[in-house]
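my questions are about this predicted structure, shown below with the sequence.
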Amino acid sequence: MTRRVGRREWLLLGGAVVAGWGASVVLRETVSVGRDVSANPVARDALATGGVPVAAPPGADLTMLVFTDYQCPICRASETELAAAVGSDGKVRLDYREWPVFGPVSENAARVALAAAAQGIYPQLRRLLMEAPGNLGEAVLREAVERAGGAWFTLAHHLGANRAAIDRTLADNARDALGLGLAGTPGYLIGNLLVEGAQTERGFRRAFARARHLRSG
């Protein structure tokens with residue numbers, strides 16, 4: 001008989017995962033960041049296609065695709081680090097590729113986020129979903145949409161009318177993630193540099209520098 005995992009156990013598991021993330025980041029700071037995937041045609045096509053833009057500053061000279069899941073604790077831990085690195089750099093175009101790998105709840109949250117883009121609230125909603133505690137059920141999603149400035153019933157109608165197209169987007173994201181060789185979330189395609197797993201703000205800045213070096217080399 002399968003025993004349900006309680007809230008306290010999920011919290012303990014999340015804490016253990018984040019603690020492991022911290023230890024892995026410390027080790028990763030001493031090694032070269034990412035790998036060159038310029039020879040991979042999937043990387044070229046993915047960069048050309050882009051994703052849902054969150055930050056597209058004038059004069060951006062580097063495009064970054066972010067493959068994440070709202071229920072991924074490592075994605076959540078890295079999100080503020082990523083925002084700080086992108087903000088301090090000022091020339092990184094940040095595009096998100098929804099890649100829900102944690103099951104049906106994650107898939108539904110990703111669909112809602114993509115549908116929210118039609119109302120222009122994707123960046124705000126993304127932040128709220130990354131910060132939302134507990135399970136991302138319909139009540140949590142609806143509250144987040146409304147807090148982001150969106151209309152839930154408008155979103156639900158858009159999602160119903162465009163379900164097939166949204167599912168194709170998720171399928172394309174999964175295909176590209178696997179084609180790049182990602183084993184799970186989070187994953188970052190920064191120009192021709194593929195970075196996997198958690199990063200600190202400093203780690204992201206190192207990745208930006210290396211991606212630019214690869215382009216100019």
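That came in fine, so what should we check first?

can you report how many residues lie near the residue nearest to L62 when sequence neighbours are not counted?
In space, not counting the residues next to it along the chain, L62 is nearest to V92; the distance is 5.0 Å by C-beta to C-beta, 6 or more residues apart in numbering. Bear in mind the C-beta positions are built from the backbone N, C-alpha and C, glycine included. The number of residues packed near V92 is 25, by other C-beta atoms under 10 Å.

and the helices in the chain?
Taking DSSP state H, the helices of the chain run over residues 7-28, 41-49, 73-89, 104-116, 122-131, 138-147, 152-161, 163-180, 201-216.

just put those helices in CSV and tack on distance to L194.
Shown next, in CSV, are the helices of the chain (distance: least, C-beta to C-beta, whole Å):
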stretch, distance to L194
helix 7-28, 14
helix 41-49, 7
helix 73-89, 15
helix 104-116, 21
helix 122-131, 22
helix 138-147, 30
helix 152-161, 31
helix 163-180, 6
helix 201-216, 10
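
weakest of those helices in terms of mean pLDDT?
Set side by side, the helices of the chain give their lowest mean pLDDT on helix 7-28, at a mean of 49.

beta-bridge partners for V195, please?
Per DSSP bridges, the residues bridged to V195 are Y188.

could I get the pLDDT score of it?
On pLDDT, V195 comes in at 98.

please tell me I have it right and it contacts G34.
Yes - V195 is in contact with G34 according to C-beta atoms under 8 Å; the separation is 4.0 Å.

give me the common contacts of the two.
Contact criterion C-beta atoms under 8 Å, 6 or more residues apart in numbering; residues shared by V195 and G34: Y188, A207.

nearest the geometric middle of this protein, what residue?
Centroid-nearest residue in the chain, with C-alpha atoms, centre = their mean: T68, separated by 3.0 Å.

does that residue touch W99 like I think?
Yes - using C-beta under 8 Å, T68 is in contact with W99, at 6.5 Å.

sorry, back to before: which one is the residue nearest to the centre of the chain nearest to, not counting chain neighbours?
That would be C75: by C-beta to C-beta, 6+ apart, it lies 4.1 Å from T68.

so who does that neighbour touch?
So C75 contacts T68, D69, M130, T185, P186 (C-beta under 8 Å, 6+ apart).

which among these gets closest to E107?
D69 (9.3 Å; C-beta to C-beta).

ok, the residue lying closest to that closest one once chain neighbours are set aside to V145 distance?
Excluding its sequence neighbours, the residue lying closest to D69 (C-beta to C-beta, 6+ apart) is T185, at 4.6 Å. From T185 across to V145, the span is 22 Å (C-beta to C-beta, to the nearest Å).

buried stuff in stretch 118-127?
For stretch 118-127, the buried set under the neighbour-count rule, 16 or more other C-beta atoms under 10 Å, comprises Q119, I121, Y122, P123, Q124, L125, R126, R127.

hmm, I was thinking of stretch 142-153
Using 16+ other C-beta under 10 Å as the test for burial, stretch 142-153 gives R142, A144, V145, A148, G150, W152.

and the contacts of it?
Applying C-beta under 8 Å, 6+ apart, the set of residues contacting stretch 142-153 is V112, A116, Q119, I121, Q124, L125, L128, L129, A132, L155.
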